[in-house]
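> below: sequence and its predicted model.
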Amino acid sequence: MNVWDYFRDHQNDVLHWTWTTVWLAAVPLVAGLVIALPIGWLANRFRWTYPPLVTAAGLLYTIPSLVLFVVLPGLLGTKTLDPVNVAVALTVYTVALLVRVVADGLASVSATTLSAASAMGYTNRQRLFAVELPIAVPVIGAGLRVAAVSNVSLVSVASLLGVAQLGTLFTEGSQLNSLTPILLGLIMIVALALLFDGVILVAMRMLTPWQRAVRS
Amino acid sequence: MALASSDNGLDFGRVSVWLNDPANWWGPNGLLVHLREHVYYTLIAVVIALIIALPLGLWVGHTGHGVVAVAGLANGLRAVPSLGFVVLLVIWLSPKIHASTTIPGLVPTGSFQYFVPVEIVLVVLAIPPILTNTYAGVQNVDPAVRDAAKGMGMTGSQVVRKVEFPNALPLIMSGIRSATLQVIATATVAAYAPFLGGLGRLILDGVDVINDPHSGYPAMVSAGILVAVLAVVADLVLIGLERVVVSPGVSGRVARRRARPTAIPAGGAVVELAEA
């Protein structure tokens, strides 16, 4: 059976799983960014907090995903099949990846720019949101792209614990001893990862209009 | 730890009971047997990846050929889900392997045809971090240093061995660290292949009998914690190794102590040349 026929036969399941995968990858991405922004800011603003914060984040990143999926139900009191475990685990990875990125992005803003903004009368808070964060967008966006792509492919690991999403195509293919669902799963997941990547890329361009203005 | 609600039987209290039973550590299906397998799988994959990626990365960095291809490949591979990759190779490749090789304590009878595809996946995933960091490390070498080496009459291969490689070593080591972490994590997932060991075996075998006090949730969490500990220890060992193999001149440890005049750009590299 070819991939397309398999897709037609299992259309409802596959579309439902695709939707679940999108949510399980996207929500942690946004949540992770929201959590990482203040931590990254802290690591940049008070430099002595940088080494411990970045090291702690790096340590979180060393925990294999399957392990986190297994351990979280015990910590959160959720059921093993609960998709919340997956969402929380991926949020942890996103934060782990982005703390350093946010701190480095903010640190990349040149001192002259900061002085100019202050001289123009920006308060510290205004300067952060109107000057520093926009200038850090390319760096933060690059980190976000890495997190997005790895989130999409990590979601599939959850199928080993029975959480239904696109990775279920892999376990199904293994049980049926058939390549078709596996290929479909690989195609869908890689396509989804590219889609996430593209969306972030477009958002970055929209948030940094000056980069195009300079080039043209 | 009484953090867990016990209504679904996923209680951390039972994890410590499980961990306190020596049979669960030393037994034939215990943690230590699977830890040893996990370490071997990881070592084999990282060493093979190193043999492939290190020369290739040095070549790409030195000549500048294929930089786009290498960067694109590394990015593309990140999107490929490792579980799908493992399952794909096990279904497609395993039936084609008829060798009945056995390696005592590592590859028991009948599992060689699953061992090979899993190692292939692990190697393929370990290559990109090493490869990209190696060529980036070589390309980051100060052009003035490279020119100086050439001016001293070094041949191309001498420049690579005595200048570019030692200067790129910190980045290469951090590539090896990411590769190792990646392999340790993926080896857990790879236990989905039949007959394979590693700590993932205990985690995946526990899924179907999750309420079983012996091989259910407590075994899964214990194996999981051990994988995380293994990842952290492996990372620390590699950080230690990095301190040993990276020339003090390159890492900057020597420059600070001697308080040299600041006129020497990339002082480490110059010290390195003088020693070579």
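Everything's here; your move.
> what ranges do the helices span in the chain?
I'll assume chain A. Ranges of helices in chain A, per DSSP state H, are A:3-9, A:11-45, A:50-61, A:65-76, A:83-107, A:111-119, A:124-127, A:133-155, A:168-176, A:179-207, A:209-215.
> meant chain B, my bad for not saying
Under DSSP H, chain B gives helices at B:12-19, B:22-26, B:31-63, B:67-79, B:82-92, B:112-139, B:143-151, B:156-158, B:165-190, B:199-207, B:217-245, B:248-251, B:253-258, B:267-275.
> just checking, what packs against the third one?
Helix B:31-63 is packed against helix B:22-26, helix B:67-79, helix B:112-139, helix B:165-190, helix B:199-207, helix B:217-245, with contacts defined by 3 or more CB pairs under 8 Å, 6 or more residues apart in numbering or on different chains; DSSP states H and E. C-betas here are computed from N, CA, C, even on glycine.
> now that helix, how far from the chain's geometric center?
Between the centre of helix B:31-63 and the centre of its chain there are 6 Å (CA atoms, centre = their mean, to the nearest Å).
> just the angle for that helix relative to helix B:112-139, thanks.
Relative orientation of helix B:31-63 with respect to helix B:112-139: 40 degrees, computed using axes from the mean of the first three to the mean of the last three CA atoms, to 10 degrees.
> please apply the same query to the fourth one.
Between the axes of helix B:67-79 and helix B:112-139, defined by the same axes, to 10 degrees, the angle is 140 degrees.
> name the helices or strands packed onto helix B:67-79?
helix A:133-155, helix A:179-207, helix B:31-63, helix B:112-139.
> rewinding a little: using CSV, lay out the helices of chain A together with mean neighbour count.
Output for these, formatted as CSV (neighbours: other CB atoms under 10 Å in any protein chain shown):
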stretch, mean neighbour count
helix A:3-9, 13
helix A:11-45, 18
helix A:50-61, 16
helix A:65-76, 24
helix A:83-107, 23
helix A:111-119, 12
helix A:124-127, 13
helix A:133-155, 22
helix A:168-176, 20
helix A:179-207, 18
helix A:209-215, 9
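> between those, which gets nearest to B:Ala49?
Taking CB to CB as the criterion, B:Ala49 comes closest to helix A:133-155 out of those, the separation being 18.7 Å.
> sketch out the low-pLDDT regions of chain A for me.
Within chain A, the set of residues satisfying pLDDT under 70 comprises A:214-216.
> from A:Gln126, how far off is the residue in chain A sticking out farthest from the centre?
With CA atoms, centre = their mean as the measure, chain A has its most outlying C-alpha, relative to the mean C-alpha position, at A:Ala119: 36.3 Å. A:Ala119 sits at a distance of 13 Å from A:Gln126 (criterion: CB to CB, to the nearest Å).
> rewinding a little: quick one, which of the helices and strands packed on helix B:67-79 is nearest to B:Leu196?
helix B:112-139 (5.5 Å).
> what about that closest one, near chain A?
No - remark: helix B:112-139 sits outside contact range of chain A, by CB under 8 Å from any CB of the partner chain, the gap being at least 10.9 Å.
> reformat the helices of chain A as TSV; add distance to B:Ile51.
Written out in TSV, the entries for those read as follows (distance: least, CB to CB, whole Å):
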stretch	distance to B:Ile51
helix A:3-9	35
helix A:11-45	34
helix A:50-61	26
helix A:65-76	28
helix A:83-107	29
helix A:111-119	45
helix A:124-127	51
helix A:133-155	26
helix A:168-176	29
helix A:179-207	27
helix A:209-215	41
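> export those to TSV and append columns for distance to chain B.
Listed next are the helices of chain A as TSV, based on distance: least, CB to the nearest CB, whole Å:
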stretch	distance to chain B
helix A:3-9	13
helix A:11-45	10
helix A:50-61	7
helix A:65-76	4
helix A:83-107	11
helix A:111-119	20
helix A:124-127	32
helix A:133-155	4
helix A:168-176	5
helix A:179-207	4
helix A:209-215	21
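> picking that back up, got a list of what the residue farthest from the centre of chain A touches?
Contacts here follow CB atoms under 8 Å, 6 or more residues apart in numbering or on different chains; on that basis A:Ala119 touches nothing.
> dump the helices and strands packed on helix B:67-79 to JSON lines, plus distance to B:Val145.
Below are these laid out as JSON lines (distance: least, CB to CB, whole Å):
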{"stretch": "helix A:133-155", "distance to B:Val145": "28"}
{"stretch": "helix A:179-207", "distance to B:Val145": "35"}
{"stretch": "helix B:31-63", "distance to B:Val145": "13"}
{"stretch": "helix B:112-139", "distance to B:Val145": "12"}
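> ok, A:Leu144 - contacts?
Applying CB under 8 Å, 6+ apart, we find A:Leu144 in contact with A:29, A:33, A:98, A:101, A:200.
> so how far is A:Gly40 from B:Thr42?
Relative to A:Gly40, B:Thr42 is positioned 31 Å away (CB to CB).
> now stretch B:187-201, how far from the chain's geometric center?
Between the mean C-alpha position of stretch B:187-201 and that of its chain there is a distance of 16 Å (CA atoms, centre = their mean).
> just the buried positions in that stretch, please.
For stretch B:187-201, burial by neighbour count (16 or more other CB atoms under 10 Å in any protein chain shown) applies to B:187-193, B:196-201.
> make CSV from those and add distance to B:Pro129 and pLDDT to it.
Compiled in CSV, those are given as follows (distance: CB to CB, whole Å; pLDDT from 0 to 100):
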residue, distance to B:Pro129, pLDDT
B:Ala187, 16, 92
B:Thr188, 18, 90
B:Val189, 17, 87
B:Ala190, 18, 85
B:Ala191, 22, 86
B:Tyr192, 23, 87
B:Ala193, 23, 86
B:Leu196, 23, 83
B:Gly197, 25, 83
B:Gly198, 21, 88
B:Leu199, 22, 90
B:Gly200, 21, 89
B:Arg201, 26, 89
